[in-house]
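K.L.:
here's a sequence, model it:
(chains A, B, C and D)
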2 protein chains.
Amino acid sequence: MECPRSTFENLDPKKRGRVLDESLLEFAEHGYHQASVNRIVGRLGIAKGSLFQYFGSKEGLFRHLFTLALNEIKAPLKAIRDADASEPFPERLRRVFLAGAAFARSHPLIWRVYRRMTTQDDFPLRETLLVKVREEALTYFRELVEGGQARGEVRPDVQPAAAAFLIESVLDRALTAQDSPLLDAGFGLAADNEPTRQRALAALAELLCRGLAASPRKGDDADADAHHAPHADAH
Amino acid sequence: MECPRSTFENLDPKKRGRVLDESLLEFAEHGYHQASVNRIVGRLGIAKGSLFQYFGSKEGLFRHLFTLALNEIKAPLKAIRDADASEPFPERLRRVFLAGAAFARSHPLIWRVYRRMTTQDDFPLRETLLVKVREEALTYFRELVEGGQARGEVRPDVQPAAAAFLIESVLDRALTAQDSPLLDAGFGLAADNEPTRQRALAALAELLCRGLAASPRKGDDADADAHHAPHADAH
DNA sequence: TCCGCTTGTGACCGGGTGGTCATTTTCTAT
DNA sequence: ATAGAAAATGACCACCCGGTCACAAGCGGA
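P.N.:
Numbers count the residues shown, from 1 in each chain, chains lettered A, B, ... in the order given. So this is what the prediction gives:
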């Protein structure tokens, strides 16, 4: 028995869409365990039995939403991955941050469910998702770094795995802070104003590239501290 | 009516400790909503009514655990904050990472509850906690950075707020990955072997300081354009 | 019009939840 | 020994959950 039963596929597309939208919203707002089938059918104005006829179970419903979301996401993520391969590394990194933020904003429900799946442990498919995402994201970042090293734009002694972990953790937190003022704490990622958000993202990407420390080498480069005081920041 | 009723305070300290331990464990393992008072009293071998006599409600129990945890945590965190103020910035950062990891490992239950509180939204006191932690952690990191700038160890054009956000996000993710192999994905933070974990933490701190990019200054590096076949894979 | 099949329905089930409270047990002071 | 306070108890409550299923409604063809 396939999980989206034929009964559901034969539904009026308009109604089918509403069912999927409302269900995804419920999981996005409440996570898996606390998501309530009763609430979903109540909001949809259909009988509970119908939902179970369509998907067999709460888990079946969620799994269906999951595969749909995967399909919806594939293309835009691939576009991000394939973009700008010829740009220099810092620029690529900056664009990945901006594109990631734009992606999260353009798929708010999917993004929220994803966040919940990674941080809660009661989701079906959680392990599948995490393994797949780690695999994809970390190898992508690793290749980004290795590409940068091949072109001499990234220090050769950087361990690609460590760099990938670093980039991923900052990007993940930045995107999370986007819709959580408490996490953002005034930094600017959760600002209503888009340029402000982009400036904050770009600042993070640039810090990742250039690092925090003042002198890249100990005692060899004496003029490192000489040409400081750039203050070229536009704000 | 205070929440830990006098009845509870008069309990045999041994039993009182078991009640607190078992309750904290339940919240650590299941979060707030899914934590079950029935399970707690079952494991403790006491009647459900007793727990409600002690704390009035599930939320009262949690709030009590929360304030106890806060007290238990204060001193070690202060020790971390005050440590090594005279060391150079990169060393301080490295030590903060190591100390943070050691702290999370030494208070596993409190750490897990904290993680849940920051990532789930059904906790009482969640907002209180987040506001307080942001306040404390971010200003600490900001001062760390500003101190580094004052001593010329951190680039003066780094925005302290951005740097603090960056450090906090990496540290948070690193500590989380410590007890989640799926997040770690083989990087080493979740390794059983302590030196391996410390090496991974130190690598992250060093990357934060030195950055990823190769040449801190513009294109003086002549072989940058000679993007010949690298194939110089040492590994 | 009647049939038969697909689809829709909501009362109902067992189970789990946080919370209550009349009753019993235990302790203490006389 | 006994009266009375304090503490422990667990049956019980209302509520909500995911899931079921006998039945009703809708519909296409004869």
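K.L.:
need phi/psi at A:V154.
P.N.:
Dihedral pair for A:V154: phi -120, psi 140, per degrees, to the nearest 10.
K.L.:
repeat for the one 4 residues further on
P.N.:
Per-residue torsions, A:V158: phi -80, psi 130 (degrees, to the nearest 10).
K.L.:
can you tell me how far it is from A:F165?
P.N.:
12 Å (CB to CB, to the nearest Å). In this view, the C-beta of every residue, glycine as well, is placed from N, C-alpha and C.
K.L.:
out of those two, which sits in the more crowded spot?
P.N.:
A:F165 (30 against 22; other CB atoms under 10 Å in any protein chain shown).
K.L.:
residues near the closest residue to the more buried one other than its chain neighbours, how many?
P.N.:
Leaving aside its chain neighbours, A:F165 sits nearest to B:F187 (4.9 Å; criterion: CB to CB, 6 or more residues apart in numbering or on different chains). B:F187: 25 surrounding residues under other CB under 10 Å.
K.L.:
am I right that B:F187 sits in a strand?
P.N.:
No: B:F187 sits outside any strand when classified using DSSP: H, G, I helix; E, B strand; the rest coil, being coil.
K.L.:
ok, stretch A:136-149 near chain B or not?
P.N.:
Yes: judged by CB under 8 Å from any CB of the partner chain, stretch A:136-149 and chain B are in contact via A:L138, A:V145, A:G148, A:Q149.
K.L.:
these in strands, which ones?
P.N.:
Using DSSP state E, no member of the residues of stretch A:136-149 next to chain B falls in strands.
K.L.:
buried ones among those residues?
P.N.:
A:L138, A:V145, A:G148, A:Q149 (16 or more other CB atoms under 10 Å in any protein chain shown).
K.L.:
I figured the last one was touching A:D157, is that so?
P.N.:
No: applying CB atoms under 8 Å, one finds A:Q149 not in contact with A:D157, separated by 9.3 Å.
K.L.:
chain A - how does it break down into domains?
P.N.:
Chain A breaks down into these structural domains: A:1-68, A:83-210 (assignment by automatic domain parsing).
K.L.:
and those, which is most packed in?
P.N.:
For those, the largest average neighbour count (mean count of other CB atoms under 10 Å in any protein chain shown) is found in domain A:83-210, namely a mean of 19.
K.L.:
what about the residue in chain A that chain B sits nearest to, how many residues close to it?
P.N.:
Of all residues in chain A, A:G211 sits closest to chain B, at 2.5 Å by CB to the nearest CB. Close neighbours of A:G211, defined as other CB under 10 Å, add up to 23.
K.L.:
got the phi/psi numbers for it?
P.N.:
Note on A:G211: backbone dihedrals following degrees, to the nearest 10 are phi 80, psi 170.
K.L.:
OK, contacts around the residue lying closest to it once chain neighbours are set aside?
P.N.:
Nearest residue to A:G211 in three dimensions, chain neighbours excluded: B:G211, at 2.5 Å (CB to CB, 6+ apart). For B:G211, the contact set (CB atoms under 8 Å, 6 or more residues apart in numbering or on different chains) comprises A:L207, A:L208, A:C209, A:R210, A:G211, A:L212, A:A213, A:P216.
K.L.:
up against DNA strand C, what does chain A have?
P.N.:
A:S6, A:T7, A:N10, A:L11, A:I46, A:A47, A:K48, A:G49, A:S50, A:F52, A:Q53 (CB under 7 Å from any atom of the strand).
K.L.:
need those in TSV (columns: pLDDT).
P.N.:
Shown next, in TSV, are those (pLDDT from 0 to 100):
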residue	pLDDT
A:S6	86
A:T7	92
A:N10	91
A:L11	89
A:I46	98
A:A47	98
A:K48	98
A:G49	98
A:S50	98
A:F52	98
A:Q53	97
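K.L.:
which one of the residues you listed is nearest B:D192?
P.N.:
Taking CB to CB as the measure, B:D192 lies nearest A:F52 of the residues of chain A next to DNA strand C, at 44.5 Å.
K.L.:
so what's the closest one up against?
P.N.:
A:V37.
K.L.:
what helix or strand is it located in?
P.N.:
According to DSSP states H and E, A:F52 maps onto helix A:48-55.
K.L.:
tell me if that helix is near DNA strand D.
P.N.:
Yes: interface with DNA strand D: helix A:48-55 contributes A:K48, A:G49, A:F52, A:Q53 (CB under 7 Å from any atom of the strand).
K.L.:
scan chain A for its longest helix.
P.N.:
In chain A, assigned by DSSP state H, the helix with the most residues is helix A:58-82.
K.L.:
packing partners for that helix?
P.N.:
Applying 3 or more CB pairs under 8 Å, 6 or more residues apart in numbering or on different chains; DSSP states H and E, one finds that helix A:58-82 contacts helix A:13-30, helix A:48-55, helix A:89-106, helix A:108-119.
K.L.:
make CSV from those and add distance to B:K74 to it.
P.N.:
Formatted as CSV, the helices and strands packed on helix A:58-82 follow (distance: least, CB to CB, whole Å):
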stretch, distance to B:K74
helix A:13-30, 34
helix A:48-55, 49
helix A:89-106, 36
helix A:108-119, 26
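K.L.:
so which of the residues of stretch A:136-149 next to chain B are in helices?
P.N.:
Per DSSP H, the subset of the residues of stretch A:136-149 next to chain B in helices is A:V145, A:G148, A:Q149.
K.L.:
JSON lines for those, including distance to B:I110?
P.N.:
JSON lines is the format used below for those (distance: CB to CB, whole Å):
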{"residue": "A:V145", "distance to B:I110": "35"}
{"residue": "A:G148", "distance to B:I110": "40"}
{"residue": "A:Q149", "distance to B:I110": "40"}
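K.L.:
redo the residues you listed as JSON lines? Include distance to B:A200 and pLDDT.
P.N.:
Output for these, formatted as JSON lines (distance: CB to CB, whole Å; pLDDT from 0 to 100):
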{"residue": "A:V145", "distance to B:A200": "16", "pLDDT": "97"}
{"residue": "A:G148", "distance to B:A200": "21", "pLDDT": "96"}
{"residue": "A:Q149", "distance to B:A200": "20", "pLDDT": "96"}
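K.L.:
quick check: closest non-adjacent residue to A:L189.
P.N.:
Nearest non-adjacent residue to A:L189 (CB to CB, 6+ apart): A:A177, at 4.3 Å.
K.L.:
the helix or strand where the one you found lies to helix A:89-106, inter-axis angle?
P.N.:
Assessed by DSSP H and E, A:A177 sits inside helix A:160-178. Relative orientation of helix A:160-178 versus helix A:89-106 (axes from the mean of the first three to the mean of the last three CA atoms, to 10 degrees): 40 degrees.
K.L.:
what's the angle between helix A:160-178 and helix B:108-119?
P.N.:
Angle of helix A:160-178 versus helix B:108-119, following the same axes, to 10 degrees, is 50 degrees.
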